[in-house]
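A.B. asks: structure for this input, please:
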Amino acid sequence: SGNVDELGNFSIEVLRSALMNTYNLSLPNIRQEGVLNGGKDVTDIDGFICNKEAHWFAIRKINGRYWDLNSTKERPEIISHFNLAMTLKQLQDKGYSVFCVTEPLPPICDSADGRCRGLPEYWWKESDLVKGKTEATTAATDPWKDTGSGMRLDGRSTMSAALNGGGGGGTDLSEEDQLQQAISASLQQTVPKVPVGVEPPDDDPNAVRIQFRMPDGSRKVRRFSSTDTVAAIYAYADAVAGTMDGGTLELRYSFPPRNLIGLKNKTVGAAKLHGENVQARFVP
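C.D. replies: Numbers count the residues shown, from 1 in each chain. Next up is the predicted model:
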């Protein structure tokens, strides 16, 4: 079909039809003649949809603030009214098409019933984001939620004791700092070095198709054998992305994004990565 590609990505016409039929909203390109006529400014528009190839994301005004809702980022980010026009121009310069909703948007979700439309781990508290909190987990996904942090019989914190090897030495770090230290240490894992290998043909029944978003914003699609280890995915990404001084290549998958290194000992088939989008970035 001309409205959906082989990866299941729909065209702008499908999105336009859905918005019109459901909310009676039009979705013109921001460059379309008449969109910003009559002294209208981009800050008079409540919502934007940005698209480049198979990647789509929204910028929306919520409670008077513009939010960048790009799923390739760790969390929603605020865009000031002052920087909105520049942000949209930069996206266009990078090859994005920017569409806008000129009519009033449906009301934001502000009730428990509304939040039932999505899983709890996908919801952010606006007040936390505004305050600059960067925790990437919620009560629903916190891997430490069942770990006790009370006091031992000797009066010391169980968390403090665990992070200090159970000995009697003290620490100047708060428990929150120690927790972050432990999480960071757990991510300092190494991936076995393996060759990239030969890409299986498209008609191979064991071929697993994975789409990559590279650090430079480009997109690549590559097939792996279901019997390849996840290390082969790292080998391919390393070869394509190159290197960055002082940076380590990190791969994330799924939504919300999760570090792929947790699957390093699995095969591509066992990790169920067929059709997955993998985001590659350099981290210090």
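
A.B. asks: all helices of the stretch 51-200 of the chain, in order?
C.D. replies: Assigned helices in the stretch 51-200 of the chain, in chain order: 81-93, 112-115, 126-130, 158-163, 175-187 (criterion: DSSP state H, counting those that start in this stretch).

A.B. asks: lowest-confidence stretch among the ones you listed?
C.D. replies: For the helices of the stretch 51-200 of the chain, mean pLDDT drops lowest on helix 158-163, to a mean of 46.

A.B. asks: for residue 252, phi and psi?
C.D. replies: Backbone torsions for residue 252, taken as degrees, to the nearest 10, come to phi -130, psi 150.

A.B. asks: just residue 262 next, same as before
C.D. replies: Main-chain torsions, residue 262, degrees, to the nearest 10: phi -70, psi -20.

A.B. asks: count of residues packed around it?
C.D. replies: 14 (other C-beta atoms under 10 Å). Where C-beta positions appear, they are placed from N, C-alpha and C, glycine not excepted.

A.B. asks: could you do residue 47 as well?
C.D. replies: With other C-beta under 10 Å as criterion, residue 47 counts 22.

A.B. asks: how about it, what does it touch?
C.D. replies: By C-beta atoms under 8 Å, 6 or more residues apart in numbering, the contact list for residue 47 reads 58-61, 100-101, 105.

A.B. asks: give me the subset of these lying in strands.
C.D. replies: Counting by DSSP state E, the part of the contacts of residue 47 found in strands is 58-61, 100-101.

A.B. asks: all strands for the stretch 101-250 of the chain, in order.
C.D. replies: Per DSSP state E, counting those that start in this stretch, the stretch 101-250 of the chain carries strands over the ranges 207-213, 219-225, 248-253.

A.B. asks: comparing these by mean pLDDT, which bottoms out?
C.D. replies: For these, mean pLDDT drops lowest on strand 248-253, to a mean of 86.

A.B. asks: quick one: that one to strand 207-213, angle?
C.D. replies: 120 degrees (axes from the mean of the first three to the mean of the last three C-alpha atoms, to 10 degrees).

A.B. asks: buried ones in strand 248-253, by neighbour count?
C.D. replies: Applying a neighbour-count criterion of 16 or more other C-beta atoms under 10 Å, one finds 249-253 buried in strand 248-253.

A.B. asks: so for residue 127, which of the strands of the stretch 101-250 of the chain sits nearest?
C.D. replies: Minimum separation from residue 127 across the strands of the stretch 101-250 of the chain (C-beta to C-beta) falls at strand 248-253, 25.7 Å.

A.B. asks: which SSE is immediately downstream of the closest one?
C.D. replies: Per DSSP states H and E, the first helix or strand lying C-terminal to strand 248-253 is strand 258-259.

A.B. asks: now do that following strand, average pLDDT.
C.D. replies: Averaged across strand 258-259, the pLDDT comes to 84.

A.B. asks: check the offset of that strand from the chain's centre.
C.D. replies: Put simply, strand 258-259 sits 9 Å off its chain's centre (C-alpha atoms, centre = their mean, to the nearest Å).

A.B. asks: before we move on, the earlier item: reformat the ones in strands among the contacts of residue 47 as JSON lines; add pLDDT.
C.D. replies: JSON lines is the format used below for the ones in strands among the contacts of residue 47 (pLDDT from 0 to 100):
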{"residue": "58", "pLDDT": "94"}
{"residue": "59", "pLDDT": "96"}
{"residue": "60", "pLDDT": "94"}
{"residue": "61", "pLDDT": "92"}
{"residue": "100", "pLDDT": "94"}
{"residue": "101", "pLDDT": "91"}
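
A.B. asks: ok, of these, which come out buried?
C.D. replies: Taking 16+ other C-beta under 10 Å as the criterion, what is buried in the ones in strands among the contacts of residue 47 is 59-61, 100-101.

A.B. asks: between those residues, which sits nearest residue 73?
C.D. replies: Nearest member of those to residue 73, counting by C-beta to C-beta, is residue 59, at 11.9 Å.
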